[in-house]
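Enquirer: A structural model of the following input is requested.
(one chain, ligands or ions: 1)
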Amino acid sequence: MAGDPGAARACPICGQPAADAKQRPFCSARCRQIDLNRWLGEVYRVPVAPADANGEDAHNDDEEE
Ligand SMILES: [Zn+2]
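Expert: A predicted model of the protein is given here:
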């Protein structure tokens with residue numbers, strides 16, 4: 001196993017060595033954006049709001065006689 005302390009880590013997105021320290025742990029800004037989009041994708045999962053049909057019509061008041 002190559003246990004070089006200075007070895008670039010593999011990009012979690014594409015698997016390429018993340019040589020750019022500024023973009024770590026990703027290899028490039030592009031892969032960083034992809035990872036970010038994944039997170040946003042999770043957040044933006046729109047919950048299905050149940051269409052609350054409040055049926056308050058056809059409510060006739062019974063007239064007292
Ligand atoms: Zn990458």
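
Enquirer: Close to the ion: what parts of this structure are there?
Expert: Within the chain, the positions adjacent to the ion are 11, 13-14, 16, 27, 31 by C-beta under 5 Å from the ion. Heads up, the C-betas are built off the backbone N, CA and C, glycines and all.

Enquirer: For ChimeraX, what selects the buried ones among these?
Expert: Per 16 or more other C-beta atoms under 10 Å, the buried members of these correspond to this ChimeraX selection:
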select :11,13,27,31
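
Enquirer: from the residues of the chain next to the ion, which is closest to Asp61?
Expert: Nearest to Asp61, judged by C-beta to C-beta, of the residues of the chain next to the ion is Ile13 at 64.5 Å.

Enquirer: what's the pLDDT at the closest one?
Expert: Ile13 is assigned 94 on the pLDDT scale.

Enquirer: Likewise for Gly55?
Expert: For Gly55, pLDDT reads 65.

Enquirer: and what of Ala2?
Expert: Looking at Ala2, its pLDDT stands at 49.

Enquirer: cool, and Ala18?
Expert: Here, the pLDDT recorded for Ala18 equals 91.

Enquirer: Quick one: residues contacting it.
Expert: Shown in contact with Ala18 (C-beta atoms under 8 Å, 6 or more residues apart in numbering): 8-11, 24-27.
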